[in-house]
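Novice: Quick one, fold the following:
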Amino acid sequence: MDQRVMQLRAEQWKSLLEAQANSGLTKSKWCEENNVPRWQFFRWQRKLRAEALAAQQPTAASPAEPAFAELDIPSENQVISFRPAPADCGGSSSTVRITCGRFSVEVSAGEIDVCFLSAVLKAVSHAD
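Specialist: Numbering: from 1, shown residues only. Modelled structure (predicted):
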């Protein structure tokens with residue numbers, strides 16, 4: 001089948017799957033009320049999920065690399081605060097773990113004294 005036609009159908013089904021998800025109805029009930037064959041709904045759902053998963057998987061030619069975030073270091077005597085990352089960014093915890101060699105430091109969400117955290121991190125980095 002023509003690639004363009006398949007792409008168009010996939011877009012249409014993405015819209016239908018999203019409409020069902022936002023409807024508050026079960027998939028079966030939504031299909032019944034919208035005259036969509038259940039077998040077709042679930043076939044497209046499997047197909048689109050598999051495509052989305054394949055697009056997220058690193059290939060052998062381009063392995064996944066660790067992600068790092070650059071942090072601005074505030075001046076001394078400042079208090080910094082952080083909030084956990086939102087769920088849509090993969091955040092599921094209210095702590096940050098910093099690992100250096102065989103030592104780890106966990107910091108809970110909230111206000112943190114920069115001097116104290118700096119001293120702890122220096123001690124951990126020199127301890128290993």
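
Novice: From here on, just use CA atoms for contacts and neighbour counts.
Specialist: Noted.

Novice: tell me the strands in this protein, going along the chain?
Specialist: With DSSP state E as the criterion, the chain has strands at 79-82, 95-100, 103-108, 110-113.

Novice: and the ones you listed, which one's lowest on average pLDDT?
Specialist: The minimum mean pLDDT among the strands of the chain belongs to strand 79-82 (a mean of 52).

Novice: Run a quick neighbour tally on the residue nearest to K27 when sequence neighbours are not counted.
Specialist: Using Cα to Cα, 6 or more residues apart in numbering and skipping the chain neighbours, the partner closest in space to K27 is Q20 (6.6 Å). For Q20, the neighbour count with other Cα atoms under 10 Å is 18.

Novice: Please report how far Q20 lies from Q40.
Specialist: Using Cα to Cα, to the nearest Å, we find Q20 at a distance of 14 Å from Q40.

Novice: pLDDT wise, what is A61 at?
Specialist: With respect to pLDDT, A61 has a value of 56.

Novice: nope, L25 is what I meant
Specialist: Looking at L25, the pLDDT reads 90.

Novice: and it, how many residues sit next to it?
Specialist: 13.

Novice: distance of it from W44?
Specialist: Counting by Cα to Cα, the gap from L25 to W44 is 18 Å.

Novice: repeat for S118
Specialist: 52 Å.

Novice: and if you look at E51?
Specialist: 10 Å.

Novice: do the same with D2
Specialist: Distance, D2 to W44, using Cα to Cα: 17 Å.

Novice: out of these two, which sits in the busier spot?
Specialist: W44 (18 against 6).

Novice: could you list every residue that touches that one?
Specialist: Contacts for W44 (Cα atoms under 8 Å, 6 or more residues apart in numbering) come out as A10, W13.

Novice: any idea how far A21 is from C31?
Specialist: In terms of Cα to Cα, C31 sits 12 Å off from A21.

Novice: between these two, what contacts are shared?
Specialist: With Cα under 8 Å, 6+ apart applied, the contact sets of C31 and A21 do not overlap.

Novice: quick one: which of those two has more around it?
Specialist: Per other Cα under 10 Å, whichever of C31 and A21 has more neighbours is C31, with 19 against 13.
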